[in-house]
Structure formats: C-alpha cells, structure tokens
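Undergrad: Sequence first, predicted coordinates after that:
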Amino acid sequence: MELRIENRIEQKFLLLPRQQLFLKLLTLPAIELKNFIEEKVEENPFLEREDTYYGEEISFIKEPESRPSFKENLIQQLHINVDSESLIKIGEIIIENLENDGYLRIPLEEIAENLKVSEEKVEEALEAVQNLEPAGIGARNLQECLLLQLRRKEGESSLAFQIVKQFWDELIKRKYSEISSKLKVSVEKIKEEIKKLKKLNPYPVSGIGENGNIFYPFPDGEVIQEGKGFKVVLKNDYIPSLRINSYYEKLLSEGRLGKNFMRKKFIEAKNLIQIIEERNKNLCRIFQEIVNHQTEFFKGGKLLPLKEKDIAEKTGLSVSTISRAISRKYLLTPRGLINVKKLFSSGVSSISSHYIKEKIREILREEKGLSDREISEKLKDYGIKISPRTVNKYRNKMGILSSYFRK
C-alpha cells in the first residue's frame, strides 16, 4: 500500500486508524519496531511468530570484540561530511582534545595558536564537528550542549531554544516569571518548554565503556554493492515475522470464541501483519531512491544535494511521510554506519563551500538587497540549511557587503 490518499487525509487533519498505525510504524527504527511487535504478540492471541525468528541470538546485534572509540567514530564522520582538507585537519585536533563526556574544554585561541591558523578557521572547524553525531558533541558548556540538541530537534525559532539562548541565567535560577514576562508567554508554557530540556542529554557522549567504545544504533537497512550500483536490503533478521495463529482462527470460525471482542482482535492482527509489510515495502523504496541518488558517495565520492521533496516526487509519497520514514534511521554501508538524514543536504557539512557560495551569488544577482536571514531562507530552496550567522561568514569571505550597503 502506498497510501496515495494520504495528502487528502492530512489536509482534513483526520487520519483513519489504519493510516495512523502505518505512519507510526514507519517512524519507528528497527529495534523499536521489534519491541512493538513483541508487545503486540503478548497482547493478541491471534498473533504468533514465524519459525524463522531467531530472537536475540542474532550475531550482528551482539557487541563485536572491538569497535572504534567515540573519537575514531567522529573522525570517520568528519571525513565523510567535510570537503575541506584544512578543516578536516583542524577538526581532527578538536576531536582529539574532546573530554570523555564529549565536551571541548580547551580554548579555541589555544588551538588556533598551536596550529598557526586564525581563530575564525578553528570556529568553522568546530561548527563542522558540532554537526556530527551525536547532537551536542563538541559543546563548550552545558548551555551550548543543550542548544546544539535543540537546534536539531526543535529548530532555532522554537521557544525552548530561545529560552536557553537568551535567558540562561534566569533559567538556572528558576526565575520562570521573569522569563515569562520578557517573552510574553505564560509561566505554564515556560514550564512545558523546560520539560523538553529534561529529555536532552547533558553529556553528549554517554554509555562509554572502559575502552572508550560507545553505543551504536542498530541499522535499519544495509547498502550492498551490486554491479555498478547499490542495493538496499532491510535488516529485519532480528525482527519477529508474524502470522495468524491457526488454532485460534479455527476456534473463531467455529463460533467457539466470544464474537465481538475476539473478532476485533483477529482483525487487528490481520491489519498489523499487512501494515508491517507495507511499512517495510515503502521504507525499502525510500532508502533505495536515496541510495540511487548518492551512488557516487558510496563509491567514495562526495554527497550530492538532495531534499526530502526530491524523494517524495520519486516515490509518490508526501514530504511529511519521507520525513517520518528517515527519522532516527541508520544504514550499514560500505562507508560505515550512517544516519539516513546525513544523506540529505542538511547543511554546510554535506555540501561543498563552493556550491554554497555559488548559490549565494545566484540569489543576490536576482535580489541584491536581501539580508543574511533572507538569504538563509532562500538557500533552503536548494536544500542548504545554514544559519544567518553562517551566511554572514560566507558573505564576508566573498567580499559581499551587508544588505544596508547593497540597497
């Protein structure tokens, strides 16, 4: 099922139970889907596991004898996501100077002085490191750690982000009324936003073992080379395959079970099996289109610009469905374990500086007087999501005056 009626349904702000379940399962990473299925098997007597399910004995779930340390993993990500060799070298030094909790406590001036480079160059490299996984890595203090996570989860325009950025002192002193007054929102709303902060990780790198190893997400799919291209295979071997329990189905057909409640359970079981199959089919299609677009990257090249809208057009699904599908998903690839979102043009780390500069010039040729914020918004049309501050840095390097002098 491709759910082509989805756009019409969403426009009416109404989703039928079947569509709701489909979207929920599409959003779940493989390991959470496994847990969800096991819960449903316990709840519904009509569901049973196929004989091909191997449970928790799947070898690839077991932790291997040796894995890269969190610093080695970050360096691998850095080489994948950053084009500039000079930024990579500075980024590697920054990573080597991270504490075991993921914080950077050495001053940037000291790094710049030791490497004989400008502090601005070190700041640019730090920004590249802070774009890596996990969110919050490379933070210099708790406030920055939370802001890095909120930027990805909520966006810079969110209330939670603004509270942490503008009212940090009031926040740690719990002066909620003062924050409420300045932001012109209720104290209750402020407290709601603060609850979001409690779900963030104050330590960017957690779960480190004695050897500096970190927890790795389970892959949702694997990218396998096939001829000149690449094929995506879902990693479902540790997820239970379901079927209808024939014994209970026979009892129901013979009228030996309570009609209403048990028939409802039977229908729920059949729907769940179908929806899981639909979820897997659509997820595989989405992954495959992404991989097809980024073939050169998997051969060792660079990422090409890619937007969720592009994949939506290729699959016939809505942009919101694509966004749900790639959320918290990972692919096991020839270049390591990669967050699927990193295969999209999500910022400076995945697009060359040259490409960004060309687009800024192109935008300003058409509308000379745009501010950095307006340029930042226009760049989103090209799949480039960078802050106005970053636009300002690029503009200065290009020798382009501020909007005040361009009007």
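TA: Sure, I can see it.
Undergrad: Show me this structure divided up by domain.
TA: Per automatic domain parsing, the structural domains of the chain span 6-50+219-343, 70-130, 142-198, 352-406.
Undergrad: Output those domains in a markdown table; the columns should cover distance to residue 136.
TA: Every C-beta, even on glycine, is put in place using the N, C-alpha and C of the backbone. Below are the domains of the chain laid out as a markdown table (distance: least, Cβ to Cβ, whole Å):
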| stretch | distance to residue 136 |
| --- | --- |
| domain 6-50+219-343 | 14 |
| domain 70-130 | 7 |
| domain 142-198 | 4 |
| domain 352-406 | 17 |
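Undergrad: quick one, which of the ones you listed is nearest to residue 204?
TA: Comparison of the domains of the chain against residue 204 by Cβ to Cβ identifies domain 70-130 as nearest, at 3.1 Å.
Undergrad: And that closest one, end to end?
TA: End-to-end distance of domain 70-130 (Cα to Cα, to the nearest Å): 14 Å.
Undergrad: Likewise for stretch 221-230?
TA: End-to-end span of stretch 221-230 (Cα to Cα): 12 Å.
Undergrad: Now that stretch: buried residues?
TA: Under the neighbour-count criterion of 16 or more other Cβ atoms under 10 Å, stretch 221-230 has 221, 222, 223, 230 buried.
Undergrad: sorry, back to before: can you redo the domains of the chain as TSV with mean pLDDT?
TA: Output for those, formatted as TSV (pLDDT from 0 to 100):
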stretch	mean pLDDT
domain 6-50+219-343	87
domain 70-130	90
domain 142-198	91
domain 352-406	82
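Undergrad: can you pull out the strands in the stretch 1-150 of the chain?
TA: Ranges of strands in the stretch 1-150 of the chain, per DSSP state E, counting those that start in this stretch, are 47-49.
Undergrad: need the helices for it, in chain order.
TA: Ranges of helices in the stretch 1-150 of the chain, per DSSP state H, counting those that start in this stretch, are 6-11, 17-27, 30-43, 70-81, 85-96, 108-115, 119-130, 142-153.
Undergrad: Residue 289 is nearest to which of the ones you listed?
TA: Nearest to residue 289 among the helices of the stretch 1-150 of the chain is helix 17-27; the distance by Cβ to Cβ comes to 15.0 Å.
Undergrad: I'd like to know how many residues surround residue 172.
TA: Other residues within reach of residue 172, judged by other Cβ atoms under 10 Å, total 10.
Undergrad: Equivalent analysis for residue 129, please.
TA: By other Cβ under 10 Å, 24 other residues sit near residue 129.
Undergrad: Grab the nearest non-local neighbour of it.
TA: Computed as Cβ to Cβ, 6 or more residues apart in numbering, the closest residue to residue 129 that is not its neighbour in sequence is residue 138, at 4.3 Å.
Undergrad: can you count the residues close to the one you found?
TA: Residues within reach of residue 138, counting by other Cβ under 10 Å, total 25.
Undergrad: ditto for residue 372
TA: When neighbours are counted by other Cβ under 10 Å, residue 372 registers 20.
Undergrad: sorry, back to before: switch the helices of the stretch 1-150 of the chain over to JSON lines; also include distance to residue 397.
TA: Formatted as JSON lines, the helices of the stretch 1-150 of the chain follow (distance: least, Cβ to Cβ, whole Å):
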{"stretch": "helix 6-11", "distance to residue 397": "42"}
{"stretch": "helix 17-27", "distance to residue 397": "39"}
{"stretch": "helix 30-43", "distance to residue 397": "42"}
{"stretch": "helix 70-81", "distance to residue 397": "20"}
{"stretch": "helix 85-96", "distance to residue 397": "13"}
{"stretch": "helix 108-115", "distance to residue 397": "17"}
{"stretch": "helix 119-130", "distance to residue 397": "9"}
{"stretch": "helix 142-153", "distance to residue 397": "23"}
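Undergrad: Of the ones you listed, which is nearest residue 188?
TA: Across these, residue 188 has its closest neighbour in helix 142-153 (19.8 Å, Cβ to Cβ).
Undergrad: Look at stretch 150-163 and report the distance between its end residues.
TA: In stretch 150-163, first residue to last residue: 11 Å (Cα to Cα).
Undergrad: And it, what's buried?
TA: 150, 151, 159, 160, 161, 162, 163.
Undergrad: Can you tell me how far the second one is from residue 195?
TA: Which is residue 151. Separation of residue 151 from residue 195 (Cβ to Cβ, to the nearest Å): 18 Å.
Undergrad: Touching, residue 31 and residue 219? I think so.
TA: No. The pair residue 31 / residue 219 is not scored as a contact, 9.7 Å apart, by Cβ atoms under 8 Å.
Undergrad: What is the longest helix of this structure by residue count?
TA: Counting residues, the longest helix in the chain under DSSP state H turns out to be helix 259-293.
Undergrad: tell me the angle that one makes with helix 17-27.
TA: 40 degrees (axes from the mean of the first three to the mean of the last three Cα atoms, to 10 degrees).
Undergrad: how many other residues sit next to residue 248?
TA: 20.
Undergrad: scratch that, residue 97
TA: Neighbours of residue 97 under the rule other Cβ under 10 Å: 15.
Undergrad: before we move on, what about residue 293?
TA: Neighbour count of residue 293, defined by other Cβ under 10 Å: 18.
Undergrad: for the closest residue to it other than its chain neighbours, what are its contacts?
TA: Excluding the flanking residues, the one nearest residue 293 by Cβ to Cβ, 6+ apart is residue 306, at 5.4 Å. Contacts for residue 306 (Cβ atoms under 8 Å, 6 or more residues apart in numbering) come out as 290, 293, 294, 343, 344, 345, 383.
Undergrad: Now list the buried members of those.
TA: 290, 293, 294, 343, 344, 345, 383.
Undergrad: Could I get the residues you listed in JSON lines, plus columns for distance to residue 237?
TA: Shown next, in JSON lines, are the buried ones among the contacts of residue 306 (distance: Cβ to Cβ, whole Å):
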{"residue": "290", "distance to residue 237": "22"}
{"residue": "293", "distance to residue 237": "26"}
{"residue": "294", "distance to residue 237": "25"}
{"residue": "343", "distance to residue 237": "23"}
{"residue": "344", "distance to residue 237": "27"}
{"residue": "345", "distance to residue 237": "32"}
{"residue": "383", "distance to residue 237": "34"}
